[in-house]
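In: predicted model follows, preceded by the sequence.
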Amino acid sequence: MANKRKRTPKEAPNDNLPSQKRSKKETPVPNGSTTKTKASKVQEKPAPFTEHPTVEDRKRELALYTQLGSEDQNERIEAATIIIAGLLEGDGVEEPTLFRHLAGRLFRGLASGRNASRLGFSLVLTEILGQLFGEKYLAGSKYSGLTFDKVLGILVEKTDAGGSGNGQEERDHYFGQLFGIECFVRAGILFTDKSRWEAVLNLVLKLSQKKSWLKSQCGWIIVQAISQMDVELAEETLQRLTDEGVAKTPEGVGIWIAALDRFPDMKVPKQPWRSPLEAGFLTSLPAVLKDSGRDTSNDQAGNKKQKQGNWTAQLHFVWNLILAHFLKLGQKDKSNAAEQFKQFWKRVVDEGFFSKTSSDSQKFSGFMIFQRMLEGAAGQTFIVESVFSQNLMTCLMNQAAKEDRYLHRAATKALKGIEATVERDPSLLPTILRQLLSHNGVYNFDQRTNTKTVDKILQHATPETIKKVLKTLQLKDFSKSGLDETKYYQSLSSYLFRLSSVPSDEESTSSVSVPGSAIEVLTELAYSNQSVPASIKEALRTKTTSAFAKLVKRPEDFGHLCGAILSIKTDLDPEDEIGGAVLEAYEKLKDLLDPAKDIKDTKAPRQALALLYAVAILQFYNEDPDVMNLLEELEECYDKLAGDEDIQGGEGIAEFLVEILLAMVARPSSLMRQVSQQVFEAFTNLMSPEAIKLLTDPLAAEESAKGQQALFSTEDEDMANAEGSDDEHDHEEDGSHEELDSDVEIVNLEEAGSDDEPSDNDSDDENEDDDEEEPESENQEALDALDTALAEALGSHGLDKDADAPDTSDESDMSDSEMMEVDAKLAEIFKHRTKAANTNKKKEKKDAKETVINFKHRVLDLLAIFIKKEAAVANPLAFEVLLPLLELIRTTTTKPLANKACEMINNFSKSLKKAKSNFGDINEEQVDELVVTFQEVHLEAPKDGSHAFAKAASTASLAIASVLVAREKTDEVFELYADSQLKWFKGEIKIPPAFFSDWLNWCQSHASASAAATTTQE
């Protein structure tokens, strides 16, 4: 049968019969709900059963047979072992006792639908039948009354439906008889005497006529028996099945295939076929395997008419045998097997199950066959190549495309089967991808089916398959894809983007990388390939930038990004200023990537600087106007890093980097943010106090237009004037994280928190770009609209419209009423004008606030990296960020910013606890600076009474205190806490009590630790 139940070898006798329906008998519990009864587990040594059991013996038997029907496999096996030993171990029980158990318990129990009774009872019966009629032949030596015919008769008697029961009881009896017959087959006792098999075969054929759904199960029993009989008996069996009209059924096809695979030279009946899989019989085979209801047995004289079963969602066992046949054939002669399977699949499955006249049920079965072939292909590519046939692919794509299609779920399940096949065997990816995107598939398969099938299977690309995959994706002629040029490149870039996101296999020894190969092809399309139209390249470059952003997140793929940049074919003039600068950047990038120049202290900084050079070159090709400034700053960093002096003492490199990174995080680009974080992480140990100040100064900027003007060169006189009059509207909380304008430029950050108006920037006009010209054009349109409205109200016109103006020389002056009407119109016009102007100012102010907030978030991301790395080694510079963070928590009007800063202080404290062994590395000068910072934290703590701020201030204070106490500054710590507490007591300052309770708890913890240490020493 189709779905074989998996069991341990001990339960093998029943692994191919259908799962029995378990009873749903339930036992009420006190709360009114119900629970399923569970067999009590019997644990005892085997003991022989008696002919006249006592009450206790019967209770023992009942418990054993109850456990034999348990749903737990181990319990069933344990009970089976005890029962078999109790019946046959040693001299064995008397014949009446054995007969009582066979008839009253075992064969009768096969008809029970309770739990897993059939499985357990079959296990015992198979062993008993094997000992009775097998090698030991106990039926001849001890149990002469239990002949084969008598035992078979017991089975028939105890599993006879009788016709008096209901439908479920009848079904249970039929299944019981089916399991019982299989026990005889699995016991291996049928072929020592030919009459035994004839008796069982008669019973099987008779049972198959009872119900149509029993036919496949009965057929499977015969298939199992074929493997045990000799060629002569197999020939007689096939002749008998032909006479009974079984040959041209799905069961008959399976039996014929099993017999011919076992005995290739056996004699088979002339009709209906020599071998059902031979090319000459493929014409009649589809009608048989489709099980369409057509009675093909009447074509043969003297054959009995077979009952046709209703359609079932369970795949017939014949398809497993067909698959096994072709796999076996493929091991001998692969080319012959491939040709035969291709013909079989096309004529039987593709034209039989997926033709225009096929029913929905047949197509459903076809999808299951397709899945089964993929699952069992076992690396045989000739099977995979053939199953993606034309009619199947058309049906698959149509049914998967829309949810309201009748077979939509079956189609999506088939697609999931494709994904599972590639996941299980990644070597099949090129073959399957080629079938989906070409041949009978479509290049934009995912769009056509509204799925992510191709996207998901591409993630299983390996260094061994990536070359073939890229060859499939890249078409020499885009028209072969069936798409227009734009859509072809859109699909190709999406596939390459997915491949570039595949993580590198760190264990692979191959020099080829999946993301590296994909990103190089994508970069070549976006920047070097001259055949790609210019109108498409912009979209390709956007996709490439996104792919770079993903690569940067994974440090192990750093080299792929730089390699892709180096692969861009350059045609630059070295005499040109910018061209020469970019060519020089190429050389420095190659130098930084040279592994021979990497040493322990410079490897990470060199890689980070190489990453910045790669991004700078990318910006050049993306026509960024600020690329020259970036290249000049990178040159300064390169010179300092490449100098002979110790880089730990290299002056200015940290400040240069921070300025570059701040400019990068201000851009609306995920790539820039990711690169800035990766680079900063490599240089955290090189940070200087000046660099940290550059990083923390922006946190003090006002979250308003004034703060934006202090941070960036985006001054606007109108907004500055409006800021002074409408400050009260700037204090509403706003957690929106809109991206920053791309034309921002970092300027004097120390002005960010100043109350003075920012000075005018005389170079504004020189720095304008297209984005700044757009508001001007909008203002001009608004002025033109105002002129038109005024002209209509006053009945006048502009000087440039004299030629088109009507002659008004004969008109008389306006009356008073007309003047009043004009006055009202003018008032309405200016009212709307004022309202529009106010709306624009509010929007500009909101945008300015969001710009500053977003920039602060980016700065906090960098500081979080610094804290994570440097607090863990007790770097004294890490303590410099605590006070700016506290000030941010107190001054910001944006809750997400405050929460982020609080979390960073908590993380600082956690990381510092790991660095206790490094406290001794802090010199005396740095300890004195920590004392000053400690005092500043205590001065900051009373400035805000909120619980969150007090908690953050307390955490920061205790973090510094832990270092000072370790460096014998205990008196200073206690004095400062005492001074703060005294001021709090006198009412001079207001601090939440939690600030001091945390301090007391900290003292208690240290006191306990000291006491424990003292006790240990004593």
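Out: Here it is on my side, so go on. Numbers count the residues shown, from 1 in each chain.

In: helix/strand/coil for Y406?
Out: coil (DSSP: H, G, I helix; E, B strand; the rest coil).

In: can you give me the pLDDT of it?
Out: Listed pLDDT for Y406 reads 91.

In: now swap in A1009 and tell me
Out: For A1009, pLDDT reads 83.

In: that one: which element?
Out: A1009 is located in helix 994-1017, with elements delineated by DSSP states H and E.

In: so which elements touch that helix?
Out: Under the contact criterion of 3 or more CB pairs under 8 Å, 6 or more residues apart in numbering; DSSP states H and E, helix 994-1017 touches helix 947-966, helix 970-986. Where you see a C-beta, it was placed from the backbone N, CA and C, and this is true even at glycine.

In: same question for the first one: list its buried residues.
Out: So that's helix 947-966. 948-965 (16 or more other CB atoms under 10 Å).

In: hmm, back to that, also compute the angle for the helix holding A1009 relative to helix 970-986, please.
Out: For helix 994-1017 against helix 970-986, the angle by axes from the mean of the first three to the mean of the last three CA atoms, to 10 degrees is 150 degrees.

In: residues of helix 994-1017 that come out buried?
Out: 995-996, 998-999, 1002-1003.

In: skip the chain neighbours and tell me the closest residue to the most centrally placed residue in the chain.
Out: With distances taken as CA atoms, centre = their mean, the residue of the chain nearest its centroid is K456 (8.6 Å). Of all residues beyond its chain neighbours, the one nearest K456 is E419 (5.1 Å), with distances taken as CB to CB, 6 or more residues apart in numbering.

In: tell me the helices and strands packed up against the helix or strand that neighbour falls within.
Out: Applying DSSP H and E as the criterion places E419 in helix 408-424. Applying 3+ CB pairs under 8 Å, 6+ apart, one finds that helix 408-424 contacts helix 360-375, helix 390-401, helix 429-437, helix 453-458.

In: if we use 6 Å, what do you get?
Out: Counting by 3 or more CB pairs under 6 Å, 6 or more residues apart in numbering; DSSP states H and E, the packing neighbours recorded for helix 408-424 are helix 360-375, helix 390-401, helix 453-458.

In: with mean pLDDT and distance to T412 added, can I get those helices in a markdown table?
Out: Listed next are those as a markdown table, based on pLDDT from 0 to 100; distance: least, CB to CB, whole Å:
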| stretch | mean pLDDT | distance to T412 |
| --- | --- | --- |
| helix 360-375 | 92 | 10 |
| helix 390-401 | 95 | 6 |
| helix 453-458 | 95 | 9 |
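
In: I'd like these as CSV, with distance to I853 appended.
Out: Shown next, in CSV, are the helices and strands packed on helix 408-424 (distance: least, CB to CB, whole Å):
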stretch, distance to I853
helix 360-375, 52
helix 390-401, 44
helix 453-458, 35
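
In: of those helices, which is nearest I221?
Out: helix 360-375 (21.2 Å; CB to CB).

In: next SSE after the closest one?
Out: helix 381-387.

In: any idea of the mean pLDDT for that next one?
Out: Helix 381-387 comes out at a mean pLDDT of 92.

In: contacts for it next, please.
Out: 338, 341-342, 345, 370, 373, 377, 428, 431 (CB atoms under 6 Å, 6 or more residues apart in numbering).

In: out of those, show me where the pLDDT dips lowest.
Out: Scoring the contacts of helix 381-387 by pLDDT puts A377 last, at 83.

In: neighbours around that one, how many?
Out: By other CB atoms under 10 Å, 23 other residues sit near A377.

In: give me the neighbour count for the nearest residue to it once chain neighbours are set aside.
Out: Distances taken as CB to CB, 6+ apart put I383 closest to A377, at 4.5 Å, once the chain neighbours are dropped. Neighbour count for I383, taken as other CB under 10 Å: 23.

In: show me the helices in the stretch 601-750 of the chain, by range?
Out: 603-621, 627-642, 653-665, 670-683, 689-696, 705-711, 717-725 (DSSP state H, counting those that start in this stretch).

In: for the stretch 401-550 of the chain, which spans come out with low pLDDT?
Out: Low-confidence segments of the stretch 401-550 of the chain, defined by pLDDT under 70: 506-510.

In: please enumerate the helices of it.
Out: Going by DSSP H, counting those that start in this stretch, the stretch 401-550 of the chain shows helices at 408-424, 429-437, 445-449, 453-458, 466-473, 485-500, 514-523, 534-553.

In: got it, and the stretch 1-150 of the chain?
Out: Using DSSP H, counting those that start in this stretch, helices in the stretch 1-150 of the chain cover 55-68, 73-88, 95-101, 107-109, 117-133, 138-141, 148-158.

In: with mean pLDDT, mean neighbour count and distance to N875 added, can I get the ones you listed in TSV?
Out: Formatted as TSV, these follow (pLDDT from 0 to 100; neighbours: other CB atoms under 10 Å; distance: least, CB to CB, whole Å):
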stretch	mean pLDDT	mean neighbour count	distance to N875
helix 55-68	89	16	67
helix 73-88	90	20	59
helix 95-101	90	17	81
helix 107-109	89	22	76
helix 117-133	91	25	67
helix 138-141	87	15	85
helix 148-158	91	17	83
